[in-house]
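**Student:** Provided below for reference: sequence and predicted model.
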Amino acid sequence: MKTNINFFFFFRFFATGSSFSSLHYEFLLGISTISGIVCHTCKVIWQHLREAVMPTPKAEDWLCIAEGFYQSAQFPNCIGALDGKHIRVKKLPHSGSRYFNYKQYFYMVLMALADSNYRFVIVDIGAYGSTSDARIFSASRMGERLKTNLALPEPSRLPRSAGPPSTFVIVADEGFTLSSHPMRPFPRRELDDRASSTIN
């Protein structure tokens, strides 16, 4: 019975967009009680469904992702596109300015690695909004796993190449630093007419 009640408040909160305050007046339950129900239910759902909806990738999964990028973008040995999304939030208690950004509001960061079909492969949620994408990635479990090459495929030759095997990489924007896996564009300040004339 208690589980059913928990799910009722959970779905009521997410389906209607009602605030904890409005649910408090509607059902005569404490705001902290409703908040606890929603948070606890979220954790239970994640614990039970994580391996079904977002399992930890294995070497064969990375190879399938790389094949997808090669087929759709002609980019070989790519195992994902990485970026951070800023999610606006209310100021968390006792958080100081850690979630405060230069746009003068509070947010936390959703860091995600996506495949060629725009599906999340790995996520890291809840980093401080005042922290750069590069630092968030480096300190995340995702970054740690990639730095240790955990479950990544062995380097392989690029298509139609007789050169040495190349490592599998991640594409990211200029907010990230170069390392063994993330690849990013050349900084705009480093590009000039000489670069374009060389390409032509």
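**Tutor:** Yep, it's here.
**Student:** Quick check: phi and psi at residue 77.
**Tutor:** When quoted as degrees, to the nearest 10, the phi and psi of residue 77 stand at phi 60, psi 30.
**Student:** For residue 80, which residues are in contact?
**Tutor:** By C-beta atoms under 8 Å, 6 or more residues apart in numbering, the residues touching residue 80 are 65, 113, 114, 115, 121, 122, 170, 171. Every C-beta, even on glycine, is put in place using the N, C-alpha and C of the backbone.
**Student:** so it sits in a strand?
**Tutor:** Yes - going by DSSP: H, G, I helix; E, B strand; the rest coil, the assignment for residue 80 places it inside a strand.
**Student:** That one: what's its closest spatial neighbour, skipping adjacent residues?
**Tutor:** In space, and not counting its chain neighbours, residue 80 is closest to residue 113: 4.1 Å by C-beta to C-beta, 6 or more residues apart in numbering.
**Student:** what's the average pLDDT for the host helix or strand of that neighbour?
**Tutor:** Here residue 113 sits within strand 107-114, counting by DSSP states H and E. Here strand 107-114 scores 85 as its mean pLDDT.
**Student:** Please, where are all the strands along the chain?
**Tutor:** 78-88, 107-114, 120-128, 169-171, 182-183 (DSSP state E).
**Student:** Among those, which comes closest to residue 49?
**Tutor:** Using C-beta to C-beta as the measure, strand 120-128 is the one of the strands of the chain that comes nearest residue 49, at 13.5 Å.
**Student:** Let me have the strands of the chain in CSV, extended by distance to residue 144.
**Tutor:** Compiled in CSV, these are given as follows (distance: least, C-beta to C-beta, whole Å):
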stretch, distance to residue 144
strand 78-88, 14
strand 107-114, 13
strand 120-128, 10
strand 169-171, 14
strand 182-183, 14
